[in-house]
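Enquirer: This is a predicted model, with the sequence first.
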Amino acid sequence: MAGIVYGWIGVYYGQMAQMVDTWAYHYESIQEYHLLISDPAEFVASLFRSNYENGYTNFLQSHNSWWNDLKANFLIKIMAIWNVFSFAHYYINLIFYSFITLFGPIAIYRVMKDIFPRRKIPVLIATFLIPSFIYWTSGLHKEGLIFTGLGLICYHLYFGFKEKRFSLQRVLLIILGFLLVLIFRNFLILPLLTAVLAWVASEKLKHKLKPIKVYGVIYLAALLIFFCGKFIHPRLDFLDAVAVKQKEFMNLGGGSAIQVDSLEPTISSFIVNAPQAFLLSTIRPFPSDVHHLLSLAAAAEINTVLLLFVIFLFWRRNGIPMNTFLLFCLFFSFSVLMMIGYSVNVLGAIVRYRSIVIPFLIVPLMARINWDKVGTITLGNMNNKNNV
């Protein structure tokens with residue numbers, strides 16, 4: 001249902017909502033469908049052909065990059081194959097898409113349910129009913145497939161560690177998860193690999209070192225590589241890549257673009273702009289940023305999340321350890337949010353990009369809130385007011 005609403009908004013309010021891509025992909029997939037029928041070999045070969053002088057380099061660039069084009073091209077190819085069975089109907093393709101992408105949230109739900117076995121209702125609500133997550137992962141776009149990749153990785157790593165067994169099928173599905181992330185949002189592979197490495201290392205060393213210490217050491221090393229990579233090799237200039245990405249978004253503009261301080265490819269600039277990046281990706285849009293219904297929904301959601309965090313601070317359940325997977329959720333989400341905050345100044349894009357990491361934060365948050373105590377306090381206050 002959310003996917004149908006997504007498609008409808010894409011038709012009538014696509015420019016305002018910055019989601020014209022979904023229908024553009026559909027129309028291009030019809031052209032690719034005709035190529036598939038007339039020349040299947042070219043249909044496959046064209047996906048792997050680079051028309052740029054630099055070939056397959058420029059991994060983190062937004063222009064003249066085969067990698068940047070891959071995410072749209074691959075999705076269009078998939079939709080072209082679906083067109084064989086759907087007769088090129090957008091909403092029938094949506095059924096195929098929804099079937100595939102449902103595996104992502106189901107995988108995360110099963111992991112979280114195993115961690116919080118007595119908190120099934122909060123876990124269920126937080127996994128499946130976050131508005132921005134439902135909206136952006138339900139439409140024919142990249143977010144649903146990215147989250148499916150994340151779900152495959154988390155599910156099979158978590159239960160692989162728990163069962164102390166990694167079958168060939170499990171390993172292949174983990175690889176498939178990484179490929180989905182690499183194809184549809186290649187720059188996410190860097191924070192994802194760091195978080196997975198920390199998760200694996202903390203599992204292997206948990207009897208010798210506290211997991212938080214393992215995460216701390218690995219993320220300290222990752223920060224050193226991020227800031228000093230250009231001294232190892234010019235292609236590892238991550239500071240410049242992020243600064244260029246921000247300039248590209250600033251030049252792109254858009255109805256929800258906001259003014260931010262320019263980022264320079266220096267360590268000092270990244271430190272100075274860290275508070276701006278954090279606030280931009282975690283608590284925007286403000287009520288003052290609301291200009292239409294979608295921005296109102298986004299502002300309402302983020303304020304609800306902040307309210308949940310306040311409730312968590314005062315009424316949380318104790319005795320629930322911060323295990324290696326929950327640390328993965330925290331570190332991975334934080335690194336992705338900082339990446340978004342540093343590089344993106346368009347609020348619509350921020351809401352879409354962060355939608356795939358929100359469940360990793362909200363599910364543990366809601367599961368650890370003592371809802372019994374919250375309910376008792378709320379009902380008690382209501383009864384006192386009635387008595388007065």
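Expert: Looks like it arrived, so ask away. All values derive from a computational prediction rather than experimental measurement. Residues are numbered from 1 along each chain as shown.
Enquirer: With residue 335 as the reference, measure out to the residue nearest to residue 60 when sequence neighbours are not counted.
Expert: Spatial nearest neighbour of residue 60, chain neighbours left out: residue 241 (4.2 Å); criterion: C-beta to C-beta, 6 or more residues apart in numbering. C-betas here are computed from N, CA, C, even on glycine. Distance from residue 241 to residue 335, counting by C-beta to C-beta, to the nearest Å: 15 Å.
Enquirer: from what I can see the residue nearest to residue 60 touches residue 61, true?
Expert: Yes: using C-beta atoms under 8 Å, residue 241 is in contact with residue 61, at 7.4 Å.
Enquirer: ok, these two, which is more surrounded?
Expert: Between residue 241 and residue 61, counted using other C-beta atoms under 10 Å, residue 241 has the larger neighbour count: 21 against 18.
Enquirer: part of a strand, is the more buried one?
Expert: No: with DSSP: H, G, I helix; E, B strand; the rest coil as the criterion, residue 241 is assigned helix and is not in a strand.
Enquirer: Could you identify the helix or strand that succeeds the lowest-mean-pLDDT helix or strand in the chain?
Expert: Within the chain, no helix or strand scores below helix 14-17, which has a mean of 50 by mean pLDDT, DSSP states H and E. Downstream of helix 14-17, the next assigned helix or strand under DSSP states H and E is helix 21-38.
Enquirer: List the buried residues in the next helix or strand after that next one.
Expert: Remark: after helix 21-38, the chain's next helix or strand is helix 40-48, criterion DSSP H and E. The neighbour-count check on helix 40-48 (16 or more other C-beta atoms under 10 Å) flags residue 43 as buried.
Enquirer: isn't residue 54 right up against residue 67?
Expert: No: here residue 54 lies out of contact with residue 67, judged by C-beta under 8 Å, at a distance of 10.8 Å.
Enquirer: more neighbours, the two?
Expert: Comparing residue 54 with residue 67 by neighbour count (other C-beta under 10 Å), the higher total belongs to residue 67, at 18 against 11.
Enquirer: What pLDDT does the model give the more buried one?
Expert: pLDDT for residue 67: 93.
Enquirer: my guess is it meets residue 55, correct?
Expert: No: the pair formed by residue 67 and residue 55 falls short of the contact definition of C-beta under 8 Å, at 10.7 Å.
Enquirer: Any figure for the gap between the residue nearest to residue 60 and residue 248?
Expert: From residue 241 to residue 248 the distance is 11 Å (C-beta to C-beta).
Enquirer: Also residue 159?
Expert: Applying C-beta to C-beta, the value for residue 159 to residue 248 is 40 Å.
Enquirer: before we move on, what about residue 258?
Expert: In terms of C-beta to C-beta, residue 258 sits 16 Å off from residue 248.
Enquirer: show me where pLDDT drops low in this structure?
Expert: 1-20, 380-388 (pLDDT under 70).
Enquirer: quick one: residue 185 and residue 146 touch, right?
Expert: Yes: judged on C-beta under 8 Å, residue 185 makes contact with residue 146 at a distance of 5.4 Å.
Enquirer: who has more neighbours, these two?
Expert: Ranked by neighbour count (other C-beta under 10 Å), residue 185 and residue 146 place residue 146 first, with 26 against 19.
Enquirer: Let's see the distance spanning stretch 115-126 from one end to the other.
Expert: Using C-alpha to C-alpha, to the nearest Å, the span of stretch 115-126 from its first residue to its last is 14 Å.
Enquirer: so residue 202 makes contact with residue 216?
Expert: No: at 10.1 Å, residue 202 does not count as touching residue 216 under the criterion of C-beta under 8 Å.
Enquirer: Have a look at those two and say which one is more surrounded.
Expert: The residue with more neighbours, out of residue 202 and residue 216, is residue 202; 23 against 15, by other C-beta under 10 Å.
Enquirer: Quick check on that one: phi, psi?
Expert: Torsion angles at residue 202 (phi, psi; degrees, to the nearest 10) stand at phi -70, psi -30.
Enquirer: cool, residue 167 as well?
Expert: phi -70, psi 170.
Enquirer: Break down the stretch 51-200 of the chain into its helices, ranges please.
Expert: Remark: helices assigned in the stretch 51-200 of the chain by DSSP state H, counting those that start in this stretch are 66-86, 90-101, 103-115, 120-128, 131-138, 143-163, 168-184, 189-205.
Enquirer: From the contact counts, what lies against the fifth one?
Expert: The reference is to helix 131-138. helix 2-12, helix 90-101, helix 103-115, helix 143-163, helix 293-314, helix 347-354, helix 358-368 (3 or more C-beta pairs under 8 Å, 6 or more residues apart in numbering; DSSP states H and E).
Enquirer: Repeat the analysis, applying 7 Å as the threshold.
Expert: In terms of contacts (3 or more C-beta pairs under 7 Å, 6 or more residues apart in numbering; DSSP states H and E), helix 131-138 is packed against helix 2-12, helix 143-163, helix 293-314, helix 358-368.
Enquirer: Would you reformat the ones you listed as TSV and include distance to residue 236?
Expert: Output for the helices and strands packed on helix 131-138, formatted as TSV (distance: least, C-beta to C-beta, whole Å):
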stretch	distance to residue 236
helix 2-12	37
helix 143-163	24
helix 293-314	34
helix 358-368	27
